[in-house]
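Asker: sharing a sequence plus its predicted fold:
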Amino acid sequence: MSVETNVVLYDAETAAALDYAPDGILQHLKTGSYTFETGATLPEIVLGYETWGTLNADASNAVLIAHALTGDSHVARGASTEPGWWDGFVGPGKTVDTDKYFVVAANMVGGCSGSTGPASLDPDGVPWGSRFPFTTIKDSVRLEARLADELGIAAWHTVLGGSMGGARALEWAVEFPERVRNCVVVAASAESSAEQIAFAQAQTAAIKLDPEFAGGDYYANELIPSAGLGIARRIAHITYRTATELDVRFGRMPQGDELPVSSPGLDRGRYQVESYLDHQASKLVGRFDANSYLVLTEALMSHDIARGHESIEAALARLAEVNVLVAAVDSDRLYWPEQSERLAALLPNPCKVQYITSPIGHDGFLTDIEQLGDALGERVFVREPDIQADAG
Ligand SMILES: CC(=O)SCCNC(=O)CCNC(=O)[C@H](O)C(C)(C)COP(=O)(O)OP(=O)(O)OC[C@H]1O[C@@H](n2cnc3c(N)ncnc32)[C@H](O)[C@@H]1OP(=O)(O)O
Ligand SMILES: N[C@@H](CCO)C(=O)O
C-alpha cells in the first residue's frame with residue numbers, strides 16, 4: 001500500500017487499523033490506570049505518539065525525542081501534510097536519520113495534543129479540569145516507559161530533547177539508566193532555577209487571575225481564559241528571545257500604518273514588538289489549552305532530578321554507563337549556559353558542553369538545532385556505525 005500524504009486519511013482510527021504505522025501520524029496507546037508521583041490516581045492514561053522509520057530486529061535503533069513546553073509529538077513531517085518542528089533535523093538522511101533509526105515522540109501527559117490532560121473526559125464524560133493531578137517530569141517518563149514496553153523497546157539508543165524536552169530526556173536517564181544508552185540534553189538543566197520558577201509563576205498567575213479561568217473548570221463555559229493564556233505566552237516568549245534580537249529586529253518602530261507611537265497617549269498605535277508579542281499570544285491561544293499550560297508549567301517548575309535521591313550528584317551518578325551530551329544556546333537567558341556547564345561538570349564522565357551559536361536566545365534550540373549535527377554525528381550516532389534498520 002502506498003502512503004498518501006494526507007493527514008485526514010491517516011487519522012488515529014485509520015492508522016490503528018493499518019498493519020503498519022505511517023511516519024508522523026498520531027497514534028494512541030491506552031496505558032491503563034496510573035498513580036502520579038504525588039499519589040493521585042487516574043483510571044486511564046492515553047498517550048498520543050508518533051513514530052518514524054522502522055524498529056530493527058534487536059530493537060537497538062530506537063530514539064526517543066521529547067518535546068518542549070508547548071511542543072508536541074509532531075517532530076517531523078513524515079507522511080502527514082503538516083511540517084514538524086524539527087524537520088531540518090529529523091528525517092531520511094538528516095542528523096537523526098529515520099532511514100537508520102526508529103524515532104518515537106510522545107505527547108506529554110497533562111498536555112493537549114493527544115495524551116490525557118485536563119481537557120480529557122473522566123469516566124462520567126466530564127472534563128477533568130481542576131481535578132487533573134499535579135504532574136511531574138518523572139510522571140511523563142514513567143508513562144513513556146510503558147510506551148517503550150508496548151513497542152518492544154527495552155533500551156533507547158538515544159533519548160533527546162530541548163528545553164522541557166531536555167529535562168524529560170535527562171529524567172529518563174536518571175530514572176531508567178539501564179534503558180538509555182545515549183542522552184542528549186539541549187538548553188535544559190538538572191533543576192529549575194529560582195529565576196525560571198519566578199518567570200513561570202508570573203505566567204501561571206496570569207492564567208489563574210483571568211476571570212474566565214473559573215478555577216480550571218471552564219470547558220462548558222462560553223468564554224475561556226484566553227487573555228490569561230495570552231499574557232502567559234507574552235511573558236514566556238520574551239524569555240525565549242534576547243534583548244539584542246528584539247532591538248535589532250523591532251527597535252522602537254511603530255507597527256505598519258497604525259497610529260504613530262511617537263505622540264504619547266492611550267490611543268497610540270502599537271510598537272512593532274507589541275504587535276509581534278500579540279501575534280505570538282494569539283497563535284498559542286488558538287492551539288493550546290490553558291489548563292494544560294498550567295499543568296506542564298508546574299511540571300517544569302517542579303523539575304529537580306535530585307528528588308528521590310540524596311543530591312543532584314547522587315542522581316547523576318546513576319548515569320555512569322550512559323553517554324551524555326549536553327548542549328546550550330550561547331545567548332540563552334532562560335536556560336543559562338552556566339547551568340548546562342554545571343550539569344556537565346556534575347556528570348560521572350567527562351562531558352564538554354556543545355554550543356549552538358545564535359543571537360536569538362533560548363529558541364535557538366528550535367531554529368538552529370542543525371548546528372548540533374556534527375557533534376551528534378561524532379558523539380552519539382556513530383558509536384555503532386553498523387546499526388541498520390531492517391529492510392521493509
Ligand atoms: C518545541 C516546540 O515548541 S514545538 C512547537 C513549535 N514551537 C512553537 O510554536 C513555539 C512558538 N514559536 C516560536 O517559539 C518561534 O516562532 C519559533 C522558535 C518556532 C520560530 O522562530 P522564528 O522563525 O524566529 O519566528 P519568529 O519568532 O520570528 O515568529 C515569526 C512570526 O512572527 C510574526 N511577526 C513578525 N513580526 C511581526 C510583527 N511586527 N507583528 C506581528 N507578527 C509579526 C511573523 O509573521 C511570523 O508569524 P507566523 O509564525 O504566524 O508565520
Ligand atoms: N518555544 C518553545 C520554548 C519553550 O521551550 C515552546 O513553546 O515550547
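Answerer: Yes, it's here. Ligands and ions are numbered 1, 2, ... in the order given.
Asker: ok, residue 376 - how many residues close by?
Answerer: 22 (other CB atoms under 10 Å). For the C-beta atoms, the positions are set from N, CA and C on the backbone; glycine is no exception.
Asker: tell me the buried residues in whichever strand or helix holds it?
Answerer: Using DSSP states H and E, residue 376 sits within helix 373-379. Buried residues in helix 373-379, counted by 16 or more other CB atoms under 10 Å: 375-376, 379.
Asker: now do it: distance to the chain's middle.
Answerer: 21 Å (CA atoms, centre = their mean, to the nearest Å).
Asker: could you give me the average pLDDT of it?
Answerer: Here helix 373-379 scores 96 as its mean pLDDT.
Asker: using PDB, write out the CA atom coordinates for that helix.
Answerer: Coordinates of the C-alpha atoms in helix 373-379 are reproduced here as PDB (Å, rounded to 0.1, in the frame of the first residue of the first chain):
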ATOM      1  CA  GLY A 373      24.600  17.800  13.600                       C
ATOM      2  CA  ASP A 374      28.400  17.200  13.700                       C
ATOM      3  CA  ALA A 375      28.600  16.800  17.400                       C
ATOM      4  CA  LEU A 376      25.800  14.300  17.400                       C
ATOM      5  CA  GLY A 377      27.300  12.500  14.400                       C
ATOM      6  CA  GLU A 378      30.600  12.200  16.200                       C
ATOM      7  CA  ARG A 379      29.500  11.600  19.800                       C
END
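Asker: and that helix, what does it pack against?
Answerer: Contact analysis of helix 373-379 by 3 or more CB pairs under 8 Å, 6 or more residues apart in numbering; DSSP states H and E lists strand 323-329 as its packing neighbours.
Asker: surely residue 343 meets residue 186?
Answerer: No: in this structure residue 343 lies outside contact range of residue 186 using CB atoms under 8 Å: 11.3 Å.
Asker: return the nearest residue of the stretch 201-350 of the chain with respect to ligand 2.
Answerer: residue 240 (5.0 Å; CB to the nearest ligand atom).
Asker: give the contact list for that residue.
Answerer: 334, 361-363 (CB atoms under 8 Å, 6 or more residues apart in numbering).
Asker: can you give me the domain boundaries for the protein?
Answerer: 3-192+303-387, 196-298 (automatic domain parsing).
Asker: so how far is the longest one off the chain centroid?
Answerer: Same thing as domain 3-192+303-387. Per CA atoms, centre = their mean, the centroid offset for domain 3-192+303-387 relative to its chain is 7 Å.
Asker: swap in stretch 246-257?
Answerer: With CA atoms, centre = their mean, you get 30 Å for stretch 246-257.
Asker: extract the C-alpha set from it and format it as PDB.
Answerer: This file holds the C-alpha atoms of stretch 246-257, laid out as PDB (Å, rounded to 0.1, in the frame of the first residue of the first chain):
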ATOM      1  CA  LEU A 246      14.300  42.400  19.800                       C
ATOM      2  CA  ASP A 247      16.200  45.600  19.500                       C
ATOM      3  CA  VAL A 248      17.800  44.800  16.100                       C
ATOM      4  CA  ARG A 249      14.600  43.400  14.700                       C
ATOM      5  CA  PHE A 250      12.000  45.900  16.000                       C
ATOM      6  CA  GLY A 251      13.700  48.700  17.800                       C
ATOM      7  CA  ARG A 252      11.100  51.400  18.600                       C
ATOM      8  CA  MET A 253       9.400  51.100  15.300                       C
ATOM      9  CA  PRO A 254       5.700  51.500  15.000                       C
ATOM     10  CA  GLN A 255       3.600  48.700  13.600                       C
ATOM     11  CA  GLY A 256       2.600  49.200  10.000                       C
ATOM     12  CA  ASP A 257       0.200  52.000   9.400                       C
END
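Asker: mind listing what's buried along that stretch?
Answerer: Using 16+ other CB under 10 Å as the test for burial, stretch 246-257 gives 246, 250, 254-255.
Asker: stretch 220-232 too?
Answerer: 224-232.
Asker: contacts for it?
Answerer: 127, 202-204, 206-210, 212-214, 218, 278, 281-282, 284-285, 288, 290, 293, 297.
Asker: give me the subset of the contacts of residue 240 touching ligand 1.
Answerer: Subset of the contacts of residue 240 in contact with ligand 1: residue 363, counting by CB under 6 Å from any ligand atom.
Asker: just the contacts of residue 240: which are in strands?
Answerer: Among the contacts of residue 240, the subset assigned to strands under DSSP state E is empty.
Asker: which among the contacts of residue 240 gets closest to residue 95?
Answerer: Among the contacts of residue 240, residue 363 lies closest to residue 95 (CB to CB), at 18.6 Å.
Asker: mind checking the SS state of the residue of the chain found nearest ligand 1?
Answerer: Taking CB to the nearest ligand atom, ligand 1 has its nearest neighbour within the chain at residue 71, 2.8 Å off. Assigned by DSSP: H, G, I helix; E, B strand; the rest coil, the conformation of residue 71 is coil.
Asker: report the contact partners of it.
Answerer: 85, 164-165.
Asker: highest neighbour count among the residues you listed?
Answerer: Top of these by neighbour count (other CB under 10 Å): residue 165, with 28 neighbours.
Asker: what residues does the stretch 101-250 of the chain have near ligand 2?
Answerer: Near ligand 2, when you scan the stretch 101-250 of the chain using CB under 6 Å from any ligand atom, you find 163-164, 240.
Asker: could you list which of the residues you listed belong to helices?
Answerer: For those, the ones inside helices are 164, 240, with DSSP state H as the criterion.
Asker: low-confidence ranges in this protein?
Answerer: Applying pLDDT under 70 to the chain flags the ranges 1-20, 259-264, 266, 383-392.
Asker: repeat the analysis, applying 50 as the threshold.
Answerer: Within the chain, the ranges that satisfy pLDDT under 50 run 1-10, 391-392.
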